[in-house]
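J.: sharing a sequence plus its predicted fold:
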Amino acid sequence: MHQRVRVYQFGFVVGTVVLCIMLLGAVIPSAAQGGAFATNTPVGNTGDDADATVAPMIFATNTPAGGIASTPVPTMIPTQAGPESVLFNYALRFWLEEDLVNVLFDQVNALTAEEEDAQLAVNILLYELERRFPGAPTDPEQRAQLIEAVINAPVGTLDMRTIVEPFVQNAINMNPDAGTIEANGFQITLTPVNLDGANGTDRLVQIRYVDDEDVVRYDEYRLATATENNTFALLPTTYDIPAVPFDGVNAVSVYTADDVTANSLDEVVLRVDDNGVSDRFYILSYRNGRAVDLVDPDLELRVGEIVSWNLPIIEGGAPDLTVLETRAESSYPDWQCNSQIEYTWRFERNLYRRSADLNARFNNVPSLGCRLVHVDLFALSTSEAITEVESALLEFGFDSPSATRALMTLAMLYVQAGRIDEARNTAQSIITVGDDETWESQQANALITASGVASNTALDICAALALASESPACDMDATLGRFLTAVDIQTDSDLITQLETFGLPVVENELVSAVGRADRTAVLFALPDTGWWGFVDARDGTYNAEPIDAPAGFEETAFPLVQTQVPQTAYDALLVEDNPARVLTILENVQRENDAPLTPSALYIQALSYELTGARNDARTLYYDIWETYAGTIWGDIAATHLELR
């Protein structure tokens, strides 16, 4: 079956149980409501030509009364209450394809972009539908309605491939001679390639859906081989490239469709932008009736830049692919600094395998961010730090990556130097009118506002930046250290009273004694992004201050987890590898190592895996427990659909 991309699990915040907001019942559209789908949709064409009208089929968004929908039957999804009877009275549900499609349809229609748990649940339902009923929905009207629903779900939330694939295969069957097929908003492009050397020329298939607002809702490439019936069959895959946009994949494109292995057949090289600094390459080829990725399965072929790949092949063996792989050492909103290493990928033993020079290392790419990322600017004298930032900006330019961070840092250094007007002008220069969401605008606005208060010190302004957003353009502890050095804190007066007089609110203080060292008072301030400070008698009537570790008993407390966070591998084992037995092994190991219960999503995939591996009584018991414990949540709802009264 077609593999699925990973879907991230969503757990509970440490120390807090937050149940996801109840889906207010299943959305059950009816003819009277103008719904596009009902729980009792009549079967349409059922003969050999059941899908003969794929190309002109219209996705109905508001089916009028008397249309497709008929009188709805209530679904099994409870809205709030848990089981009304004891476990003994419930059996595992015997699923019919139409019933599971209806449950899925209801949940897709109720999906919102904010409900991450619901997104995970619907993706598991999509997997379950394909696992129980491959190629479902088989009824063309139901298929059209479900595709309509998933296409119009919040962008990037659902893995739609198994739902779309039968529709695309049917569209190709009906139009095998076409180069481009328009069907229900999808544009299917078939490009000639030679994949297997049999039955004529094969096809590289691009499946694309762009909505009326030019938003790409689906973009996928598949390999298809020519058949004896003069059409083309989409090949099952052993790799996993999600259709754009999903799971962080922004774009997919064809780098080349050519012979890259010197076997006189074509391979398709796909370039995938998945938010990495380097794109990922897949080298797809026909092998034993399947489309496979020829890249070493233990590695990823990451390409920041291609150094050499002598294509097309003129003569000889497969040419080596030499690339520069780029990785992020730090990234926005921190300093943007990348490093690179050169790798050579050589085709040997039927795979592209990676090698590198023994002395090869990741080296930083010359950039503004890499120049400044390791410079402790706020530990330098203010004048030295200003010179360092200004010279870096002149060297790399004011439009280079990290320039806005450099300018904000420079503005804060100007504050430190007492050059308030220059600080405000510099901050103002990086604000985009009407923007209050980006890091630079949040930082700049915080500096401008805080510096407008005459009594505010550099420490106050830095604290405002620390509160405005993460990765502030100043170092709070370093700025606090400058402040403490600039004020006289006398040993003949109460330390805590003096600190609070200087505007430094104290949260905790503790006298620390250690053999061979003078006693010191450890202080924790109510200031953002600061740690513990130690104050020791300097023997001149004042205190010296320095950063210290938290005293014994005040270390950061590790609260016990209310629920056990489950590794991503458990979800991958089900949704990517289609291996429910491995899911059970992973979860059993997790439970053995932790005292806290599993998250509801983990319990659900455990119950489903029990059912799929034949442990039906274990599945029945666990579905019941989920329904009873998490009634009114998405997990309780869909667990309940798997049970029925005896």
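T.: Perfect, thanks for sending it.
J.: now the element after whichever helix in the chain runs longest, going C-ward?
T.: As assigned by DSSP state H, the longest helix anywhere in the chain is helix 116-132. The helix or strand immediately downstream of helix 116-132 is helix 140-151, counting by DSSP states H and E.
J.: what is the end-to-end distance of stretch 628-643?
T.: Terminal residues of stretch 628-643 are spaced 12 Å apart (C-alpha to C-alpha, to the nearest Å).
J.: average pLDDT across it?
T.: The average pLDDT within stretch 628-643 is 93.
J.: what comes up buried for that stretch?
T.: 629-643 (16 or more other C-beta atoms under 10 Å). Where you see a C-beta, it was placed from the backbone N, CA and C, and this is true even at glycine.
J.: now stretch 133-149
T.: Neighbour-count burial for stretch 133-149, counted by 16+ other C-beta under 10 Å, picks out 133, 136-149.
J.: if I look at the closest residue in space to residue 415 that isn't next to it in sequence, how far off is residue 548?
T.: Spatial nearest neighbour of residue 415, excluding adjacent residues (C-beta to C-beta, 6 or more residues apart in numbering): residue 423 at 4.5 Å. Applying C-beta to C-beta, to the nearest Å, the value for residue 423 to residue 548 is 31 Å.
J.: those two: who's more crowded?
T.: In terms of neighbours (other C-beta atoms under 10 Å), residue 423 is the more surrounded of residue 423 and residue 548; the figures are 24 against 16.
J.: what's the helix or strand for the more buried one?
T.: Using DSSP H and E, residue 423 sits within helix 420-428.
J.: all helices of the stretch 251-400 of the chain, in order?
T.: 368-372, 382-396 (DSSP state H, counting those that start in this stretch).
J.: please identify which of the ones you listed is closest to residue 577.
T.: Residue 577 sits nearest to helix 368-372 of all these, at 37.8 Å, using C-beta to C-beta.
J.: mind giving me the packing neighbours of the closest one?
T.: On a contact count with 3 or more C-beta pairs under 8 Å, 6 or more residues apart in numbering; DSSP states H and E, helix 368-372 meets strand 337-348, helix 382-396, helix 403-416.
J.: using CSV, list the CA coordinates for that helix.
T.: The C-alpha trace of helix 368-372 is given here as CSV (Å, rounded to 0.1, in the frame of the first residue of the first chain):
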residue,chain,number,x,y,z
LEU,A,368,27.3,38.2,8.6
GLY,A,369,25.6,35.7,11.0
CYS,A,370,28.7,33.4,11.1
ARG,A,371,31.0,36.4,11.7
LEU,A,372,29.0,37.5,14.8
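J.: check the offset of it from the chain's centre.
T.: Distance of helix 368-372 from the chain centroid (C-alpha atoms, centre = their mean, to the nearest Å) equals 27 Å.
J.: and for stretch 450-459?
T.: 39 Å.
J.: verify the stated contact: the residue nearest to residue 415 with residue 447.
T.: Yes: at 6.6 Å, residue 423 counts as touching residue 447 under the criterion of C-beta atoms under 8 Å.
J.: any residues in contact with both of these two?
T.: Residues touching both residue 423 and residue 447 by C-beta atoms under 8 Å, 6 or more residues apart in numbering: 411, 412, 415.
J.: not counting its neighbours along the chain, what's nearest the first one?
T.: Leaving out its chain neighbours, the residue that sits closest to residue 411 by C-beta to C-beta, 6+ apart is residue 426, at 4.1 Å.
J.: which ones are touching that neighbour?
T.: 407, 408, 410, 411, 414.
J.: measure it to residue 447 for me?
T.: Taking C-beta to C-beta as the criterion, residue 426 is separated from residue 447 by 9 Å.
J.: with residue 457 instead?
T.: Residue 457 is 13 Å from residue 447, where distance means C-beta to C-beta.
J.: okay, those two: which has more neighbours?
T.: Between residue 457 and residue 447, residue 447 has the larger neighbour count (other C-beta under 10 Å), namely 29 against 18.
J.: that one contacts residue 408, correct?
T.: Yes: taking C-beta under 8 Å as the definition, residue 447 is a contact partner of residue 408 at 7.4 Å.
J.: common neighbours of these two, please.
T.: Both residue 447 and residue 408 are in contact with residue 427, where contact means C-beta under 8 Å, 6+ apart.
J.: what's the spacing between stretch 533-545 and its chain's center?
T.: Computed by C-alpha atoms, centre = their mean, the chain-centroid distance of stretch 533-545 equals 49 Å.
J.: can we start the residue count at 454 from this point?
T.: From this message on, residue numbering opens at 454, which makes the last subject stretch 986-998.
J.: quick revisit: in helices, which of the buried residues of stretch 1081-1096 appear?
T.: Using DSSP H, the members of the buried residues of stretch 1081-1096 that fall within helices are 1082, 1087, 1088, 1089, 1090, 1091, 1092, 1093.
J.: so what's residue 916 up against?
T.: Neighbouring residues of residue 916 by C-beta under 8 Å, 6+ apart: 929, 980, 981.
J.: number of nearby residues for the first one?
T.: What it means is residue 929. By other C-beta under 10 Å, the residues close to residue 929 number 20.
J.: now do the residue nearest to it when sequence neighbours are not counted, the pLDDT please.
T.: Among residues not flanking residue 929 along the chain, residue 982 sits closest, at 4.0 Å (C-beta to C-beta, 6+ apart). Per-residue confidence at residue 982 stands at 94 (pLDDT).
J.: quick check: residue 982 touching residue 931?
T.: No: assessed by C-beta under 8 Å, residue 982 is found out of contact with residue 931, at 10.4 Å.
J.: with only the CA atoms kept, save stretch 713-724 in CSV.
T.: The C-alpha coordinates for stretch 713-724 follow below in CSV (Å, rounded to 0.1, in the frame of the first residue of the first chain):
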residue,chain,number,x,y,z
VAL,A,713,21.5,8.4,-14.0
THR,A,714,22.6,4.8,-13.4
ALA,A,715,23.9,3.8,-16.9
ASN,A,716,21.2,1.1,-17.3
SER,A,717,19.6,2.6,-20.4
LEU,A,718,16.4,3.4,-18.5
ASP,A,719,15.2,6.6,-17.0
GLU,A,720,15.3,7.6,-13.3
VAL,A,721,13.4,10.6,-12.0
VAL,A,722,15.3,12.9,-9.6
LEU,A,723,13.0,14.9,-7.3
ARG,A,724,14.1,17.9,-5.4
